[in-house]
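K.L.:
Quick one, fold the following:
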Amino acid sequence: MSLGAAAPGRESHCRQIPGATDPDLPITAQQTQLYTCRVNDLHRNAVFSDWVKVEVHQCVARGLPTQRWRGEPVVVLNPTEQRVEVGKPLQLQCAAMGVPAPAYQWYRNGNPLEHQRRKKLWIAHAKVSDSGTYLCCASNSRGEHWTNAVDVHIGEQNQPVAALLQARVIQKSFSLQAK
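P.N.:
Residues are numbered from 1 along each chain as shown. Model (predicted):
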């Protein structure tokens, strides 16, 4: 038995991993890679497993699973607050690890966003109505985990700061009074 690795997004070149002859392959993942297992019989006939994608995310150790982890999703990348001009693209990103791999669902102001079921939320031409509080839910058969909520502000390029403050205050149900 031998195991092969290939880097996604590059030419398809596979390499055999020296010494990878056991049923389990302990790895130290440095970059996102695809892995497959090849089993040879005595007559050099080969059978290949399905490809498995091992993703590597930069994350802090806080919040990572303990030894009691059972595969429920653990968020490793939270979205960040965005200020975007009207008509420009809006992109938010989240990532979670889990077994089985988590499914994703994005929410704005507590409502699920149709067709936003990937790690990356993408709106090609942002509108003022896209402003709001966003969060992502990662779920699998073992449970679900939510990212931190982030505010997204969509406005004109030279929109005055007071107008941004007023829009934010209205969203949070507060009021400002001028003296």
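K.L.:
could you pull out the helices for this protein?
P.N.:
In the chain, the helices defined using DSSP state H lie at 161-171.
K.L.:
Would you mind listing where the protein has pLDDT under the threshold?
P.N.:
1-13, 29, 56-67, 158-179 (pLDDT under 70).
K.L.:
Which positions in stretch 35-45 come out as buried?
P.N.:
35, 37 (16 or more other CB atoms under 10 Å). Backbone N, C-alpha and C define where each C-beta goes, glycine included.
K.L.:
Just the endpoints, please. Distance across it?
P.N.:
With CA to CA, to the nearest Å as the measure, the ends of stretch 35-45 fall 19 Å from one another.
K.L.:
Numbering from 828 from now on, please.
P.N.:
Yep, numbering from 828; the last one is stretch 862-872 now.
K.L.:
How about residue 940, nearest residue that isn't a chain neighbour?
P.N.:
residue 933 (4.7 Å; CB to CB, 6 or more residues apart in numbering).
K.L.:
Distance check, the one you found against residue 868.
P.N.:
47 Å (CB to CB, to the nearest Å).
K.L.:
same check, this time on residue 941
P.N.:
From residue 941 to residue 868 the distance is 49 Å (CB to CB).
K.L.:
again with residue 918
P.N.:
Distance, residue 918 to residue 868, by CB to CB: 48 Å.
K.L.:
Likewise for residue 979?
P.N.:
56 Å.
K.L.:
What's the local residue count around residue 915?
P.N.:
12 (other CB atoms under 10 Å).
K.L.:
for it, what are its contacts?
P.N.:
Shown in contact with residue 915 (CB atoms under 8 Å, 6 or more residues apart in numbering): 952, 953.
K.L.:
Domain boundaries for the protein, per the record?
P.N.:
For the chain, automatic domain parsing gives the domain ranges 829-881, 901-998.
K.L.:
Output those domains as a markdown table; include the columns distance to residue 895.
P.N.:
Shown next, in a markdown table, are the domains of the chain (distance: least, CB to CB, whole Å):
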| stretch | distance to residue 895 |
| --- | --- |
| domain 829-881 | 20 |
| domain 901-998 | 12 |
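K.L.:
Could you identify which of those domains is most buried?
P.N.:
Highest mean neighbour count of these: domain 901-998, a mean of 16 (counted as mean count of other CB atoms under 10 Å).
K.L.:
can you give me how far that domain is from the chain middle?
P.N.:
12 Å (CA atoms, centre = their mean, to the nearest Å).
K.L.:
same deal with stretch 859-866?
P.N.:
For stretch 859-866, the distance to the chain centre is 22 Å (CA atoms, centre = their mean).
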